[in-house]
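> got a predicted structure here, sequence first:
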Amino acid sequence: MPELPEVETVKRGLAPVMEGRAFAHVRLNRADIRFPFPDNFIERLQGVILERLSRRAKFLVAELSSGETLLMHLGMSGSFIVGNKRAGQNPKHDHVVFTMSGADNPLIIYNDPRRFGFMELLEAGDLGRMADLGPEPLSNNFSGPALFDKLTNKKAPIKSALLDQRVVAGLGNIYVCEALFGAHISPLRLSNTLSEDECELLSAEIKTTLKLAIEAGGSTLQDFAAVDGALGYFQHRFKVYDHKGDDCPTKTCAGTISRIKQSGRSSFYCDKCQK
């Protein structure tokens, strides 16, 4: 599933061709993807200007001149294509096509083979699925003390806690594994056992990991691609994720990378230097 860096990469690619333009034409090639499209979806978008496109957690958030908000989620395999700059996407999975206003009339295609993505229209003031989200990890609202406060009463393993979108928004399996390694904290540690200093270090590692991943255009493991068809390259910089059996990259450590299952997801870590 695309995580925060991948969604941020998509947002940065879409904003220049969508912001300040009206939806000149909207086409739906099916009645639903993960969920049915909202009632009168086409009529509520056509002629309306997309005033601002942002990201909240793993959501794309389009503020519309109508006062409504178009909320979009990529699900497991969703991608946006500008024009026809495909990265292997099969046209039979093109489910939504936006034609934006302007002399160039840019075409924005939403393609989703597994159909776990969705689009919703929210009335003014309605946060919908964003209502219970925690702080953005790259914002000033996320810090060591803020993380410590969130974890104080949590007995769940730290890996599970960081994947809870109410604790911190937008983190996924890959980047949590990488950040925990950078902070030398085991994914098995109970959340409420982390000290204030460890939370400070962990919050900094989360920010650093995400910034580096965004600079690299995210990670392409299966089918993620930016809107211009470019693939992400952060997977070439993974230190522990998908490195089971490899030597620990910490030069002073003689450990190897282990893989365990936590809540149905794979955790990769060094059981020698991550405590």
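Sure thing, it's come through.
> in the helix or strand where residue 10 lies, what's buried?
Taking DSSP states H and E as the criterion, residue 10 maps to helix 4-18. By neighbour count on 16 or more other Cβ atoms under 10 Å, the buried set for helix 4-18 is 4-11, 13-15, 17-18. (Glycine included, C-beta is placed from N, CA and C.)
> past it, which element shows up next along the chain?
strand 21-28.
> and that next one, what does it pack against?
Applying 3 or more Cβ pairs under 8 Å, 6 or more residues apart in numbering; DSSP states H and E, we find strand 21-28 packed against helix 41-45, strand 49-56, strand 94-100.
> and the last one, which residues are buried?
Read it as strand 94-100. Buried residues in strand 94-100 (16+ other Cβ under 10 Å): 94, 95, 96, 97, 98, 99, 100.
> now the second one: how far from residue 156?
Which is residue 95. Going from residue 95 to residue 156 by Cβ to Cβ, to the nearest Å gives 36 Å.
> got the residue ranges for the helices in this structure?
4-18, 41-45, 144-151, 158-163, 173-182, 196-215 (DSSP state H).
> ranking these by burial, who's on top?
helix 173-182 (a mean of 24; mean count of other Cβ atoms under 10 Å).
> where does the residue nearest to residue 169 when sequence neighbours are not counted land on pLDDT?
Of all residues not flanking residue 169 in the chain, residue 57 sits nearest, at 3.7 Å (Cβ to Cβ, 6 or more residues apart in numbering). Looking at residue 57, its pLDDT is 97.
> for residue 112, find the nearest of the helices of the chain.
Set against residue 112 and scored by Cβ to Cβ, those come closest in helix 4-18, at 12.7 Å.
> could you verify my assumption that the residue nearest to residue 169 touches residue 129?
No. If you go by Cβ atoms under 8 Å, residue 57 and residue 129 don't touch, sitting 9.0 Å apart.
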